[in-house]
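Asks: Next input, structure requested:
(chains A and B)
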Amino acid sequence: MYYSKTLIPTLKEVPSDAEAISHQLMLRAGYIRQLATGLYIYLPLAWRVINKINNIIRQEMNAIEAQELSMPVLHPAEVWQKTGRWHAIGDEMFRLKDRTKRDMCLAMTHEEIMAWLAAREIRSYRDMPQSWYQIQTKLRDEARPKSGILRTREFIMKDSYSFDVDNEALVLSYAKHAEAYHKIFKRCGLTFYQVESDTGMMGGSVSHEFMAPSPAGEDEVAICPNCGYAANVELAKTLPEIPQYEDMDFKEISTPNKKTVDEVSKFLNFPPEYFIKSLLVISNEEPVLALVRGDHTLHEKKLTHLIGNFRPAKMEEITNILGVEAGFIGPMGHKIKIIADPALSTGVYISGANKKDYHAKGIKPNVHFHALWHDIHVAKDNEKCHNCQTPIRVEKVIEIGNIFQLGTKYTEPLKAVYLNSKGEEKPIVMGSYGIGPARVAAAAIEQNHDEHGIIWPVSIAPFTVHLLPLNIADKQTMEVCEQLYKQFNDNSIDTLVDDRNERPGVKFKDADLIGIPYQLVLGAKSLKENHVEIKNRKTKEITKVSVDDTLKIIKNDYIEKKR
RNA sequence: CGGGGCGUAGCGCAGUCUGGUAGCGCACCUGCCUUGGGAGCAGGGGGCCGGAGGUUCGAAUCCUCUCGCCCCGACCA
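Replies: Below is the predicted model of the structure:
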């Protein structure tokens, strides 16, 4: 493709709205433009990248015998009403009415429609296993779109759905997908982890997320470098460091107006690990007192797993239920349910004395208070792996894919059933598996760039070779350029030719920004010796080769080795 | 939805406090010149100062309302 005829609007300056590196570089290098919050235009270069990623996905999905199909993005409400999600989901679903005033919605995901289809077309155990996938636009009215194309309101997703006779068969389909995902992300040149994850409102039992480490990520995972334990911090099980506590007798102490752990810690001159944070929350059933160590943070999702949805108690509820105002709550002597983090299971602590302006020290677990013990704190860097005691690492990550064992959550309400070999009617057992191609692209940039621009992995680069004729007025330069361009085209090597009438500096800068893996520099001086220069964008290595060998070397030494 | 910030030419910004003819750099157009790391010279085009009301002789500037965008948090099936 000729640069002069392609829309590649590069920018010298960083647009002020962009924060994430991938966002900045995609704007600067002329890959994307923003239409409105969370809505992006994919310009020609970006679209080529997305298609390369999608094709890798297609190859690996087809390899596990999943079949591509296409689904409506506009859905009738009834299907969503049957599974209950029409009501369970709030403002995040785009809703509208058609001309007959029928309730409709825009697709956020396709569990319902896939199960609807399965309900009609799968009748017998002989029809399974099946895996169907789509690479299509989905829409969510996100509360807060952010970081360029990382979190948008309209996005392309590869979603696949498996249909099996029972849970055992589902586990097989799940494993196949997990394996395919490993191949896909590896081929896309990403560093990634497969981690245990929360099933959330998707339902089902088992799920994993594929996470690409990056500072721009919205999620955090805990990784054990020794045994390989890897989990989203939302459910990571870790053992905190237990300090040596100095023994103290139980005693109330005056702490006028000191309420937060921080304040009391400074006032009494004890580190935060000596404190118990007592938090009153109200679940759907009852009030619950949650206890975490002073230096820890309560993890709301972990607690939700134990007590269901909850909210923090209001001021007057605290006084009514515990008989003391917030800031002086201690774990002692309450009749309500108490859930405590295991970090508090030994030691001697300080906490509120359940009396205004007083704290108590010398509080011992199982002596001064009793509780149900569950891990409810946010995992921190350097805590110990619950499997092997090795210090874990907490990293920021971008979620690039997820896989769920859904079970019968969607098939039962939609009456997707089949007859087994004994003629018994059984619900189809379902799995769902997503990949966000745009996030793969963004993660690739986050993980592969330098101060000059993007450095694409060969597999997903918009072009493989970037021809840079430095002086288009020079006859010999352009002759060689055309000759090489034809050779590359004939060999199906994607090539961009910078045929613009620009000075060399401009072309070099743009080439580095755009990030095509191999730059072929055609300069008049080298050409006099019949040489062109191959510059490796990643290593910055420059190799002089003869014009006649160029194709062969690019093909054999560069592209083939990357396969 | 809560908190904070910002809307002035395609992009990056100044001007707003203290009202008085809308500016700078880059980009763009024409010509000359130049061709190994974002060249130079000369000439030129482009803005309802996000929008609506108001105050004033006069509003980018002051007041009210509104819309949009970014960041933090909540949310994220």
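Asks: Return the residues in contact with the residue of the stretch 1-150 of chain A at minimum distance from RNA strand B.
Replies: RNA strand B sits closest to A:Ile89 of the stretch 1-150 of chain A, with a gap of 2.2 Å, by CB to the nearest atom of the strand. C-betas here are computed from N, CA, C, even on glycine. Counting by CB atoms under 8 Å, 6 or more residues apart in numbering, A:Ile89 makes contact with A:Trp80, A:Met108.
Asks: State the number of residues packed around A:Val429.
Replies: Taking other CB atoms under 10 Å as the criterion, the count of residues near A:Val429 is 26.
Asks: now do A:Leu344
Replies: Count around A:Leu344 with other CB under 10 Å applied: 26.
Asks: same check, this time on A:Thr297
Replies: Residues within reach of A:Thr297, counting by other CB under 10 Å, total 13.
Asks: Leaving out chain neighbours, which residue sits closest to it?
Replies: With CB to CB, 6 or more residues apart in numbering as the measure, A:Val378 is the residue that lies nearest to A:Thr297, at 4.4 Å, once sequence neighbours are left out.
Asks: Kindly report the same for A:Ile8.
Replies: A:Ile8's closest residue in space is A:Gly30 (CB to CB, 6+ apart), at 4.2 Å.
Asks: Next: A:Val221.
Replies: With sequence-adjacent residues excluded and distances taken as CB to CB, 6+ apart, A:Val221 is closest to A:Val195, at 4.8 Å.
Asks: Show me the beta-bridge partners of that neighbour.
Replies: Bridge pairing for A:Val195 (DSSP bridges) gives the partners A:Glu209.
Asks: contacting residues for whatever residue of the stretch 251-400 of chain A ends up closest to RNA strand B?
Replies: For the stretch 251-400 of chain A and RNA strand B, the shortest gap (CB to the nearest atom of the strand) falls at A:Glu300, measuring 5.7 Å. By CB under 8 Å, 6+ apart, A:Glu300 lies in contact with nothing.
Asks: Let me know the pLDDT of it.
Replies: With respect to pLDDT, A:Glu300 scores 81.
Asks: Buried residues of the helix or strand containing A:Cys481, list them for me.
Replies: For A:Cys481, the enclosing helix or strand under DSSP states H and E is helix A:475-490. The neighbour-count criterion (16 or more other CB atoms under 10 Å) identifies A:Thr477, A:Met478, A:Val480, A:Cys481, A:Leu484, A:Tyr485, A:Gln487, A:Phe488 as the buried residues of helix A:475-490.
Asks: Likewise for stretch A:78-85?
Replies: Within stretch A:78-85, the residues that qualify as buried by neighbour count (16+ other CB under 10 Å) are A:Val79, A:Trp80, A:Lys82, A:Thr83, A:Arg85.
Asks: Then stretch A:271-288?
Replies: For stretch A:271-288, the neighbour count (16+ other CB under 10 Å) marks A:272-283, A:287-288 as buried.
Asks: ok, the residue of the stretch 251-400 of chain A closest to RNA strand B to A:Thr199 distance?
Replies: Distance from A:Glu300 to A:Thr199, counting by CB to CB, to the nearest Å: 16 Å.
Asks: Contact residues of the stretch 1-150 of chain A facing RNA strand B?
Replies: A:10-17, A:19-20, A:28, A:34, A:36-38, A:85, A:88-90, A:92-93, A:108-109, A:140, A:142-147 (CB under 7 Å from any atom of the strand).
Asks: are any of the residues you listed buried, and which?
Replies: Under a neighbour-count criterion of 16+ other CB under 10 Å, the subset of these counted as buried comprises A:10, A:20, A:28, A:34, A:38, A:85, A:93, A:108-109, A:140, A:142, A:145, A:147.
Asks: Which two among the residues you listed are spaced furthest apart?
Replies: The most widely separated members of those, counting by CB to CB, are A:Thr10 and A:Arg85 (43.2 Å).
Asks: Put together CSV for the buried residues of helix A:475-490, with pLDDT on each row.
Replies: As requested, the buried residues of helix A:475-490 are exported to CSV (pLDDT from 0 to 100):
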residue, pLDDT
A:Thr477, 96
A:Met478, 96
A:Val480, 96
A:Cys481, 97
A:Leu484, 97
A:Tyr485, 98
A:Gln487, 97
A:Phe488, 97
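Asks: of all those residues, which comes closest to RNA strand B?
Replies: The shortest approach to RNA strand B among the buried residues of helix A:475-490 belongs to A:Thr477, at 8.4 Å (CB to the nearest atom of the strand).
Asks: Next, the angle helix A:475-490 makes with the helix or strand hosting A:His466.
Replies: Here A:His466 is covered by strand A:465-469, with elements defined by DSSP H and E. With axes from the mean of the first three to the mean of the last three CA atoms, to 10 degrees as the criterion, the two stretches strand A:465-469 and helix A:475-490 enclose an angle of 170 degrees.
Asks: Could you check how far strand A:465-469 is from the centre of its chain?
Replies: The gap between where strand A:465-469 is centred and where its chain is centred comes out at 35 Å by CA atoms, centre = their mean, to the nearest Å.
Asks: Report the central residue of chain A.
Replies: Here the mean C-alpha position of chain A is nearest to the C-alpha of A:Glu399 (CA atoms, centre = their mean), at a distance of 1.0 Å.
Asks: where along the stretch 451-563 of chain A do the helices fall?
Replies: Under the criterion DSSP state H, counting those that start in this stretch, helices of the stretch 451-563 of chain A are mapped to A:475-490, A:504-514, A:524-528, A:550-553, A:561-562.
Asks: for A:Asn448, what are its contacts?
Replies: A:Gly189, A:Ile454, A:Ile455, A:Trp456, A:Pro457, A:Gly515, A:Lys538.
Asks: By neighbours, which of these wins?
Replies: Neighbour counts for the contacts of A:Asn448 were taken using other CB under 10 Å; the highest belongs to A:Gly515, with 29 neighbours.
Asks: Give me the distance between that residue and A:Ile113.
Replies: Distance, A:Gly515 to A:Ile113, by CB to CB: 38 Å.
Asks: Over to A:Ala353?
Replies: 58 Å.
Asks: Start and end of stretch A:250-263, how far apart?
Replies: The stretch stretch A:250-263 measures 21 Å between its terminal residues, going by CA to CA, to the nearest Å.
Asks: And for that stretch, what's in contact with it?
Replies: So stretch A:250-263 is contacted by A:264, A:267-268, A:272, A:275, A:277, A:294, A:326-328, A:353, A:355, A:357-364, A:368 (CB under 8 Å, 6+ apart).
Asks: where does the stretch 101-250 of chain A dip in pLDDT?
Replies: Low-confidence regions of the stretch 101-250 of chain A, defined here as pLDDT under 70, cover residues A:200-204.
Asks: Which parts of it are strands?
Replies: Residue ranges of the strands in the stretch 101-250 of chain A, as given by DSSP state E, counting those that start in this stretch, are A:103-106, A:130-139, A:154-164, A:193-196, A:207-213, A:219-223, A:230-232, A:238-239.
Asks: Reformat these into CSV and put distance to A:Ser124 and mean neighbour count next to each item.
Replies: Output for the strands of the stretch 101-250 of chain A, formatted as CSV (distance: least, CB to CB, whole Å; neighbours: other CB atoms under 10 Å):
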stretch, distance to A:Ser124, mean neighbour count
strand A:103-106, 32, 18
strand A:130-139, 12, 20
strand A:154-164, 12, 23
strand A:193-196, 34, 20
strand A:207-213, 28, 25
strand A:219-223, 41, 21
strand A:230-232, 38, 23
strand A:238-239, 47, 21
